[in-house]
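Asker: Kindly generate the corresponding structure for this input.
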Amino acid sequence: MKNKFVLVIAAVLTVFFSLTSKAQDSKIMAGAGLGYATDISTLGISAKGVYLASDTWEIAPAFTYYLKKNNVNWSTLDFDAHYVFSTDESMTFYGIGGLNVTFWKFKMDGVSSGSSEFDDFLGGMSDLDASGSDIGVNIGVGSRFALSDKMYFNADLKYTIGGSNFLSAGVGLLYHF
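Answerer: Residues are numbered from 1 along each chain as shown. Presented below is the predicted three-dimensional model:
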């Protein structure tokens, strides 16, 4: 299921790139970064796109894969909107609101005690697998600082409320096409 979401995001970004490639002033930004979420408690690697819909509104889908910790894999898919509070040539400050889908998968390989009598008594332990997803709402703030005409440093801080509650902070680079 996670692969389907990644393919959908890739398809949407491809359509945006093809539609704006003929325009002189592109409205597309894309990039990557690093993040950390409090309840997930591990480092995440993210990909983010930003569509500059107007002077005050931006659409910003993102996908973050968190490094495995305690036999659990986490990933998040965010469909956020940015409301731009202030902007100038070098800095943009915005509020964040949107939808979050958090995916998790627990996997633990079978465990053996080493004693055949004990393993026979327990019936042997097989692999343990469980997975699921939670839906939540994102609220937060973010900013972008120009490093050059096309490259921006991006920082976001947002709280996800829902099936999984956590505070996430992320930094990254965005390229304006």
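Asker: Is Gly162 bridged to anything, and to what?
Answerer: Applying DSSP bridges to Gly162 gives these bridge partners: Gly136.
Asker: Just give the closest residue to Thr42, not the sequence neighbours.
Answerer: Residue nearest to Thr42 in three dimensions, not counting chain neighbours: Lys69, with 4.3 Å by CB to CB, 6 or more residues apart in numbering. Glycine gets a C-beta too; all of them are placed from N, C-alpha and C.
Asker: tell me the contacts of Phe85?
Answerer: Phe93, Tyr94, Gly95 (CB atoms under 8 Å, 6 or more residues apart in numbering).
Asker: Adding secondary structure, write those out as CSV.
Answerer: Formatted as CSV, the contacts of Phe85 follow (DSSP: H, G, I helix; E, B strand; the rest coil):
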residue, secondary structure
Phe93, strand
Tyr94, strand
Gly95, strand
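Asker: of the residues you listed, buried ones?
Answerer: Among the contacts of Phe85, the ones that count as buried by 16 or more other CB atoms under 10 Å are Tyr94.
Asker: now, which of the contacts of Phe85 sits nearest Ser54?
Answerer: Tyr94 (12.3 Å; CB to CB).
Asker: Any idea what the closest residue to that closest one other than its chain neighbours is bridged to?
Answerer: Computed as CB to CB, 6+ apart, the closest residue to Tyr94 that is not its neighbour in sequence is His82, at 4.1 Å. Per DSSP bridges, the residues bridged to His82 are Glu58, Ile96.
Asker: now the strands for this protein?
Answerer: Counting by DSSP state E, the chain has these strands, from start to end: 28-37, 42-52, 57-69, 72-87, 91-108, 128-146, 151-162, 166-176.
Asker: And the pLDDT for Ile40?
Answerer: pLDDT recorded at Ile40 is 91.
Asker: how about it, what does it touch?
Answerer: Tyr66, Lys69, Trp74, Phe166.
Asker: Repeat the analysis, applying 6 Å as the threshold.
Answerer: Tyr66, Trp74 (CB atoms under 6 Å, 6 or more residues apart in numbering).
Asker: Look up phi and psi at it.
Answerer: phi -80, psi -30 (degrees, to the nearest 10).
Asker: ok, it to Asn73 distance?
Answerer: 10 Å (CB to CB, to the nearest Å).
Asker: Could you count how many residues lie near the residue nearest to Ala53 when sequence neighbours are not counted?
Answerer: Nearest non-adjacent residue to Ala53, counting by CB to CB, 6+ apart: Ile59, 5.7 Å away. As a burial measure, Ile59 scores 17 neighbours (other CB atoms under 10 Å).
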